[in-house]
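Q: I'll drop the sequence and a predicted model, then ask my questions.
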Amino acid sequence: MAMDTIVKAPIGHVQFCRENRRECQGGTNAPVVVKLTEERWNELIALNHKVNSQIRPVTDEENFGKPEYWTYPVNGSGDCEEYVLEKQRELIAAGWPRSALLITVAKDVKNAGHAVLTVRTDQGDMILDNQIEAVLPWYSTPYRYIKRQSTRAPAKWTGIADTRVTAVSSVND
């Protein structure tokens, strides 16, 4: 992913950081790119499947009575942000470096906002998603990437210069 400029964090992440200060503090001047061994790859696949299976998809409006609210899936349900936050939390608890686990915001195939977890590896940026079960390189997903957490500070965000062509159309005569 080509990073662009410093941008504002999503309002939901700002709210999450206010309520979970420890999760958004600190940073590093030496962000890590994880060596993607077979063991690490299998760990990503297993964790993505586990979290996707454990959380019931429910909108923030249904769950919290708010159009947008980021939190951990305390009641076993949530939307894309709850999946992402849980995947990030579990990977950090398993010893993965925070600077390689970045919440990322994209537009999905319906042009709606969507959050995924980007895992920075020596094999490229991999995406853990609740809409697609497979763990894929970012460029193999159908999303248009907008911004993600900074590799240097979890409360900061960076714009993504996603210039890929993602749709092809044809005209019938």
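A: Nice, I can see it.
Q: excluding its backbone neighbours, what's nearest Trp157?
A: Spatially, and ignoring its direct neighbours in sequence, Trp157 is nearest to Ala9 (4.6 Å; CB to CB, 6 or more residues apart in numbering). Placement of C-beta: from N, CA and C, glycine included.
Q: which SS class is the one you found?
A: coil (DSSP: H, G, I helix; E, B strand; the rest coil).
Q: Next, give phi and psi for Arg144.
A: Reported as degrees, to the nearest 10, the phi and psi values for Arg144 are phi -110, psi 110.
Q: Not including adjacent chain positions, what is the nearest residue to it?
A: For Arg144, the nearest residue in space outside its immediate sequence neighbours is Lys107; the separation is 4.4 Å by CB to CB, 6+ apart.
Q: where's the nearest residue to Arg98 once chain neighbours are set aside, which helix or strand?
A: Excluding its sequence neighbours, the residue lying closest to Arg98 (CB to CB, 6+ apart) is Ile92, at 5.6 Å. Using DSSP states H and E, Ile92 sits within helix 80-93.
Q: Can you name the element that comes right after that helix?
A: Heading C-terminal from helix 80-93 (DSSP H and E), you reach strand 101-107.
Q: what angle do that next one and helix 80-93 make?
A: Interaxial angle, strand 101-107 versus helix 80-93 (axes from the mean of the first three to the mean of the last three CA atoms, to 10 degrees): 160 degrees.
Q: ok, back up a step: now do the contacts for the residue nearest to Arg144.
A: Gly113, His114, Tyr143, Arg144, Ile146 (CB atoms under 8 Å, 6 or more residues apart in numbering).
Q: Kindly provide the distance from the third one to Ala106.
A: In this case it means Tyr143. Distance from Tyr143 to Ala106, counting by CB to CB, to the nearest Å: 4 Å.
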